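Peer 1: Next input, structure requested:
(2 chains)
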Protein chains: 2
Amino acid sequence: MATGFFWDMMAGRTPPPAAAATLGWKLREVDPETGTIEVEFAASDAFTNPAGHVQGGFLAAMLDDTMGPALAATLGPGLFAPTLDLHVQFLRPAWPGTLIGKANVVRRGKQICQLRGELTDDRGRVIATATATAMVQTGERMGRPARSPN
Amino acid sequence: MATGFFWDMMAGRTPPPAAAATLGWKLREVDPETGTIEVEFAASDAFTNPAGHVQGGFLAAMLDDTMGPALAATLGPGLFAPTLDLHVQFLRPAWPGTLIGKANVVRRGKQICQLRGELTDDRGRVIATATATAMVQTGERMGRPARSPN
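Peer 2: So this is what the prediction gives:
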């Protein structure tokens, strides 16, 4: 049985993270062997800019939530991989509706991992592409401290 | 009287964009002469990742919604400046709560503008820094087409 946060979530043993729920995240396909994933998002009217397009930052959030899970699916229990660096290129405007994220782990290092992803609309047109660097950490380093700073 | 989308919104003549409302965007200070802005965000629990931190992508959305308005404040009526390229470096984790965005227009070209921004927590610790490139366009090119692709 696959374990680790991603698989616990997929099996319903752990609730999906709030950010994923907010973005309407849904898994389509994942292959931890090749480090590839395909997910979909429900881009809501709540994400739009003055022109009525999905604000670029929300597209960045979707790309982060595509590349992150591609890597998370390869991680064992107690491991997380926060994003260190995210670079997004916006190719065309996106309207609210279904957007599809595809990503793969370009290099899976022991700690440092390099990822790339793209976001397409439901006609397959590329909306934005991205690269990211993430670092694998144990849960202890990532968890909320006993005395929260807030 | 200052006009253009940003100032119409500030004066209540135009509603704030949905993306800004979703991020809890609030203006603190803006100076269109120097192209600088300071805003705040209400990072909600709905933006968190499995570790309980604000997901990096939502921090990217906040940075986009800091740098974008720094530029928007310099634009006249009917002009918008969608982001072409966004690069974010994540320095430390952020918890839900108030986050402060500061940005400035590094170069204000006729069309191509270069921006930089940073996000700090309410103790002034830098959470993430970003750069972006945006392109000034007329509203017509940005508006929803008569036949929406969706």
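Peer 1: Show me the longest helix that occurs in chain A.
Peer 2: What stands out as the longest helix in chain A, according to DSSP state H, is helix A:56-72.
Peer 1: just checking, what packs against the helix or strand just after it?
Peer 2: Remark: after helix A:56-72, the chain's next helix or strand is strand A:79-80, criterion DSSP states H and E. Judged by 3 or more CB pairs under 8 Å, 6 or more residues apart in numbering or on different chains; DSSP states H and E, strand A:79-80 is in contact with strand A:137-138, helix A:139-142. Quick note: C-beta positions are derived from backbone N, CA and C, even for glycine.
Peer 1: weakest of those in terms of mean pLDDT?
Peer 2: Set side by side, the helices and strands packed on strand A:79-80 give their lowest mean pLDDT on helix A:139-142, at a mean of 52.
Peer 1: and residue A:82, how many residues sit next to it?
Peer 2: 19 (other CB atoms under 10 Å in any protein chain shown).
Peer 1: again but with residue A:106, I slipped
Peer 2: 15.
Peer 1: The closest residue to residue A:76 other than its chain neighbours - how many residues pack around it?
Peer 2: The shortest distance from residue A:76 to any non-neighbouring residue, by CB to CB, 6 or more residues apart in numbering or on different chains, is to residue A:4 (5.0 Å). Around residue A:4 there are 19 other residues, counting by other CB under 10 Å.
Peer 1: With residue A:118 instead?
Peer 2: Using other CB under 10 Å, residue A:118 has 19 neighbouring residues.
Peer 1: Repeat that for residue A:19.
Peer 2: 24.
Peer 1: Leaving out chain neighbours, which residue sits closest to it?
Peer 2: Excluding the flanking residues, the one nearest residue A:19 by CB to CB, 6+ apart is residue B:55, at 3.6 Å.
Peer 1: List the residues that contact the most centrally placed residue in chain A.
Peer 2: Closest to where the C-alpha atoms of chain A average out (CA atoms, centre = their mean) is residue A:65, at 1.5 Å. Shown in contact with residue A:65 (CB atoms under 8 Å, 6 or more residues apart in numbering or on different chains): A:19, A:20, A:23, A:25, A:39, A:41, A:101, B:55, B:57.
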